[in-house]
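Task: produce atomic coordinates for the following.
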Amino acid sequence: MLLLVAVCILNLQYGNSKQYAIPVTKEYSNHLGVVDGIRVVDTEKHRKSVKRLTGKYRSNSSQPLYDYQDYEYVGDLTVGTPPTQFRVIFDTGSADTWLPGVSCQVGGTNKTCNKTLFDPKNSSTFLDKNTTFFIGYGTGSVEGKIGFDDVGLGGIHDDKIVVKNQSIGVVTIADDMINSDITMDGIVGLAFTEMSTMFQKSIFEKAIEEKLVDQPVFTVWMDGEGYDANGTIGGQITFGAFDCDHCECDTTNWIILEFAFYWNIVIDGFGINNKLISQRYGVVVDTGTSYIITPPDVFEQIVKEFGATEKDGEYVLPCNSNVSLSIVVNAVDENTYVIQAKHLLLKPHNSDSCILAIQGADISWDIQFILKDPFIRQFCLVHNVEMQNLGLSKVKV
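The predicted model follows:
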């Protein structure tokens with residue numbers, strides 16, 4: 001069981017720091033002490049540790065995320081010399097960065113990947129590692145060759161962090177996931193290096209190692225622009241700093257991770273509307289998954305309690321439904337995070353019925369829930385790589 005502790009960070013000085021923020025676009029996608037067994041964040045120690053980080057690194061970067069139908073959020077990335085710009089998902093559920101190469105084909109066909117393609121021959125800084133990779137996701141897989149190049153966390157014209165000699169996967173074979181009706185070209189993995197299937201350092205951990213950021217943290221804020229969103233700015237990812245423009249930075253609740261792999265925590269239960277179920281679950285908080293994922297039996301309870309019905313493979317309910325899903329992180333201290341209906345329901349064009357942004361699935365023995373976009377639209381996420389903590393703060397209204 002993890003304990004959330006409120007940490008006042010008003011005295012952190014961010015005003016004079018250079019920040020790089022990536023705007024997020026949302027797109028449509030199918031994609032440490034111990035007290036009585038409780039791991040506790042030492043509030044004062046944590047506060048002082050975060051304060052010490054200021055000035056230790058060089059700069060910060062904030063970039064917009066672009067919103068497509070409140071379903072997929074993507075941002076910009078540059079690779080190579082001269083740089084080529086790509087649109088990517090910043091994914092805290094994986095650790096590797098990959099892009100489709102010029103020889104990329106959809107697996108089992110001669111069909112070229114319908115994306116912006118990376119040509120290593122056009123980059124004077126590309127180095128071929130002469131090693132292959134394979135990555136499997138819940139919605140598909142990619143494979144190709146590993147190389148190294150200069151990678152910028154932002155667009156060509158953005159003020160951004162550039163990580164030199166960063167490992168990237170150049171995809172040669174992809175399944176339909178990369179060729180489906182989605183905007184993203186590739187993925188930037190922001191989980192811990194230990195999760196890398198390429199056995200390479202993740203891009204943000206390398207940025208920390210090379211002192212390219214002020215603090216070893218990155219903050220994700222997502223907004224809900226609605227089902228009609230088609231590339232409007234719908235969020236921001238900030239590398240090296242807190243995002244106090246969009247998040248209530250005066251108080252952040254910190255959760256110690258179970259282990260440095262995914263950004264994974266443990267919860268003590270959940271609430272469906274006003275009905276509380278007390279049970280411990282392993283949870284991954286993931287920026288690369290569009291729907292909240294719950295165990296199948298929990299999903300059945302949610303569908304029944306919400307009064308949702310199945311239609312064309314989705315579960316729908318009236319858009320004016322007054323429903324909510326609560327996440328209980330520590331029952332003793334009553335740290336409960338309520339996800340409101342406006343973040344749980346997606347409204348299609350010209351319809352009075354909304355799609356429930358929750359799905360049921362068996363994931364693994366140690367992970368039962370995945371909290372994604374509906375949760376992140378309600379709460380900002382502050383990822384502290386050095387302290388291996390996840391901070392939650394309210395989104396500014």
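
List the neighbouring strands of the helix or strand containing residue 328 plus their orientation.
Assigned by DSSP states H and E, residue 328 belongs to strand 324-330. Next to strand 324-330 in the sheet, as set by DSSP bridges, lie strand 264-272 (antiparallel), strand 335-340 (antiparallel).

how about residue 99, what does it touch?
Contacts here follow Cβ atoms under 8 Å, 6 or more residues apart in numbering; on that basis residue 99 touches 79, 86, 88, 117, 118, 168, 169, 170, 171, 185, 186. For every residue, glycine as well, the C-beta is placed using N, CA and C.

Could you list everything it pairs with in the sheet?
residue 170.

where does residue 370 land on pLDDT?
The score at residue 370 is 94. That number is its pLDDT.

That one is in what secondary structure piece?
Going by DSSP H and E, residue 370 is in strand 369-371.

contacting residues around residue 189?
91, 93, 94, 95, 96, 97, 195, 196, 202, 203.

gap between the most centrally placed residue in the chain and residue 158?
When Cα atoms, centre = their mean is applied to the chain, the residue found nearest the centroid is residue 287 (2.0 Å). For residue 287, the distance to residue 158 (Cβ to Cβ, to the nearest Å) stands at 19 Å.

How about residue 195?
For residue 195, the distance to residue 158 - Cβ to Cβ - is 27 Å.

neighbour-wise, which of those two wins?
Higher neighbour count among residue 195 and residue 158: residue 158, with 21 against 15, using other Cβ atoms under 10 Å.

pLDDT at the more buried one, what is it?
Reported pLDDT for residue 158: 90.

Could you find the closest non-adjacent residue to it?
Leaving aside its chain neighbours, residue 158 sits nearest to residue 63 (6.2 Å; criterion: Cβ to Cβ, 6 or more residues apart in numbering).

Next, that neighbour: secondary structure please.
On the three-state scheme (DSSP: H, G, I helix; E, B strand; the rest coil), residue 63 is labelled strand.

these two touch, right, it and residue 75?
Yes - here residue 63 reaches residue 75: they are 5.4 Å apart, a contact under Cβ atoms under 8 Å.

In the stretch 1-150 of the chain, what residue spans correspond to helices?
43-53 (DSSP state H, counting those that start in this stretch).

what residue ranges in it score low on pLDDT?
Applying pLDDT under 70 to the stretch 1-150 of the chain picks out residues 1-59, 68-71.

Strands of that one, start to end?
Along the stretch 1-150 of the chain, the segments classed as strands by DSSP state E, counting those that start in this stretch run 5-8, 20-26, 33-35, 38-40, 61-68, 72-79, 84-91, 97-106, 127-137, 140-152.

Present these as JSON lines; the columns should include distance to residue 291.
As requested, the strands of the stretch 1-150 of the chain are exported to JSON lines (distance: least, Cβ to Cβ, whole Å):
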{"stretch": "strand 5-8", "distance to residue 291": "29"}
{"stretch": "strand 20-26", "distance to residue 291": "13"}
{"stretch": "strand 33-35", "distance to residue 291": "34"}
{"stretch": "strand 38-40", "distance to residue 291": "29"}
{"stretch": "strand 61-68", "distance to residue 291": "15"}
{"stretch": "strand 72-79", "distance to residue 291": "11"}
{"stretch": "strand 84-91", "distance to residue 291": "14"}
{"stretch": "strand 97-106", "distance to residue 291": "23"}
{"stretch": "strand 127-137", "distance to residue 291": "14"}
{"stretch": "strand 140-152", "distance to residue 291": "16"}
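
Out of those, which gets nearest to residue 281?
Closest approach to residue 281 among these is made by strand 38-40 (16.1 Å; Cβ to Cβ).

Neighbours of the residue nearest to residue 337 when sequence neighbours are not counted, how many?
Nearest in space to residue 337, with sequence neighbours left out and distances taken as Cβ to Cβ, 6+ apart, is residue 327 at 4.6 Å. Residue 327 has 25 neighbours, counted by other Cβ under 10 Å.

need the contact list for residue 327.
By Cβ under 8 Å, 6+ apart, the residues touching residue 327 are 267, 270, 271, 283, 336, 337, 339, 371, 375.

so what's it bridging to?
Beta-bridge partners, per DSSP bridges, of residue 327: residue 270, residue 337.

how much space between residue 153 and residue 364?
30 Å.

Which of these two has more residues huddled nearby?
Neighbours were counted for residue 153 and for residue 364 using other Cβ under 10 Å; residue 153 has more, 32 against 8.

my read: that one touches residue 239, true?
Yes - if you go by Cβ under 8 Å, residue 153 and residue 239 touch, sitting 5.9 Å apart.

pLDDT below threshold where in the stretch 151-300 of the chain?
Looking at the stretch 151-300 of the chain by pLDDT under 70, you get 177-181, 224-231.

one more time with 90
Within the stretch 151-300 of the chain, the stretches with pLDDT under 90 are 175-184, 223-235, 249-252, 258-260, 274, 276-277, 288-290.

Please enumerate the helices of it.
So, for the stretch 151-300 of the chain - with DSSP H, counting those that start in this stretch - the helices run 203-209, 296-306.

nearest to residue 253, of those helices?
Closest among these, using Cβ to Cβ: helix 203-209, at 21.9 Å.

helices or strands up against the closest one?
With contacts defined as 3 or more Cβ pairs under 8 Å, 6 or more residues apart in numbering; DSSP states H and E, the secondary structure elements packing on helix 203-209 are strand 162-174.

What distance do you get for residue 129 to residue 146?
Relative to residue 146, and taking Cβ to Cβ, residue 129 is found at 4 Å.

The two: who's more crowded?
residue 146 (20 against 16).

Please tell me I have it right and that one contacts residue 135.
No - the pair residue 146 / residue 135 is not scored as a contact, 11.1 Å apart, by Cβ under 8 Å.

Bridged to the residue nearest to residue 134 when sequence neighbours are not counted, which residues?
Using Cβ to Cβ, 6+ apart and skipping the chain neighbours, the partner closest in space to residue 134 is residue 143 (4.3 Å). In this entry, residue 143 is beta-bridged to residue 134, residue 173, by DSSP bridges.

Give the rounded mean pLDDT of the strand holding residue 328.
Per-residue scores along strand 324-330 average to 89.

Can you give the distance of that strand from its chain's centre?
Remark: strand 324-330 is offset 19 Å from the chain centroid, using Cα atoms, centre = their mean, to the nearest Å.
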